[in-house]
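Enquirer: kindly generate the corresponding structure for this input.
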Amino acid sequence: MPDPYDIAPPLPKPALPGEVLVRESVDDLLDAMTSDMLFQAKSCVRAFGDFHLALSGGSTPEPLYRRLMYDQRVRDFPWKKTHLWQVDERCVADDDDRRNWKMIADLLLDHSDIPLAQTHPMPVLDPGGDLAYETSLREALEWREKGHDRLDYVVLGMGNDFHTASLFPGSVALDAPAGRLAVFNDGPGVVPPKRMTLTYEILNASRFLAVLITGKGKRDTIAKLVADSRDPHEAPIRGIRPLGGTLRWYLDRDACPE
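Expert: Modelled structure (predicted):
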């Protein structure tokens with residue numbers, strides 16, 4: 001019979017930059033992340049009147065977006081005051097299942113009361129879409145007091161090649177000119193098809209950067225990230241260095257090296 005007074009050993013916590021939050025299971029991790037997101041959303045709405053949320057695509061954050069819709073603990077999420085942005089997108093047709101926005105729309109837009117005018121899919125099929133997206137970002141944020149004219153909460157992930165957003169090792173978007181907030185990314189290093197991505201400049205200016213990583217498949221990648229000092233051209237996730245904001249890693253136990 002287990003001793004009721006036994007204290008569970010602490011969960012492993014990799015030495016990553018910023019804050020690191022580790023939970024035993026993905027469910028526990030998503031509980032913590034949705035609570036943090038709700039707190040940030042309500043705080044920003046109280047302070048500024050709105051909340052600017054930027055989401056990544058992929059299979060890792062999909063359960064998070066589902067949780068935002070059905071979890072009663074976040075039923076009072078201020079969707080009517082939320083602007084929804086994309087972190088990155090593939091340059092494929094609107095109805096292509098590879099489109100990040102298709103998944104985001106299916107899970108969030110169809111089941112929340114977020115106004116359509118406050119949803120901002122990346123115009124990836126427009127040759128000037130990156131500049132148009134920058135303009136949309138600036139116009140939506142410019143009325144805020146200087147220093148608060150930034151994204152409030154950004155959901156990022158990390159691939160086994162250390163890419164984040166659509167910032168791939170050795171790709172041209174890593175060296176986007178100063179002042180650029182969104183760029184197309186193509187060529188060597190980019191996993192096809194062509195992408196549009198937010199740049200380091202706007203990501204690092206954000207109020208809160210949340211990096212969600214789960215599963216044993218990421219354990220070796222986390223171990224390598226902790227053990228060596230690759231620069232952002234080799235490991236783009238290392239270019240995530242918030243300027244005055246918070247960087248928090250959300251990891252389940254399986255993703256943590258032993």
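
Enquirer: show me the shaky parts of this structure.
Expert: Where the chain drops to pLDDT under 70, the residues are 1-8.

Enquirer: centroid residue for it?
Expert: Nearest to the mean C-alpha position of the chain, by CA atoms, centre = their mean, lies Val155 at 1.8 Å.

Enquirer: next, it: phi, psi?
Expert: With angles defined as degrees, to the nearest 10, Val155 sits at phi -100, psi 120.

Enquirer: could I get the buried residue list for stretch 204-214?
Expert: Burial within stretch 204-214, assessed by neighbour count using 16 or more other CB atoms under 10 Å, is assigned to 204-214. For the C-beta atoms, the positions are set from N, CA and C on the backbone; glycine is no exception.

Enquirer: who touches it?
Expert: With contacts defined as CB atoms under 8 Å, 6 or more residues apart in numbering, stretch 204-214 is touched by 18, 26, 29, 33, 36-37, 40, 44, 54, 60-61, 64, 150-158, 164, 203, 222, 237, 239-243, 245-252, 254-255.

Enquirer: now, those residues that are in strands?
Expert: Helix and strand membership here follows DSSP state E; of those, those in strands are 54, 153-156, 246-252.

Enquirer: which stretches of the stretch 1-150 of the chain form strands?
Expert: In order along the chain, the stretch 1-150 of the chain carries the following strands (DSSP state E, counting those that start in this stretch): 19-23, 51-55, 82-86, 88-90, 119-120.

Enquirer: how about those strands, which one is nearest Val172?
Expert: Evaluated over these, closeness to Val172 peaks at strand 88-90, with 14.3 Å, by CB to CB.

Enquirer: direction included, what does the closest one pair against?
Expert: When pairs are called by DSSP bridges, strand 88-90 turns out to pair with strand 195-198 (antiparallel).

Enquirer: what about Thr119, how many residues nearby?
Expert: Burial of Thr119 is recorded as 18 neighbouring residues (other CB atoms under 10 Å).

Enquirer: my read: it touches Thr82, true?
Expert: No. Counting by CB atoms under 8 Å, Thr82 is not a contact partner of Thr119; they are 9.2 Å apart.

Enquirer: could you pull out the helices for the stretch 51-200 of the chain?
Expert: In chain order, the stretch 51-200 of the chain shows helices spanning 62-70, 100-107, 129-141, 200-204, with DSSP state H, counting those that start in this stretch as the criterion.

Enquirer: could you dump the ones you listed into TSV with distance to Val190 added?
Expert: Supplementary listing: the helices of the stretch 51-200 of the chain in TSV, determined by distance: least, CB to CB, whole Å:
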stretch	distance to Val190
helix 62-70	22
helix 100-107	15
helix 129-141	14
helix 200-204	16
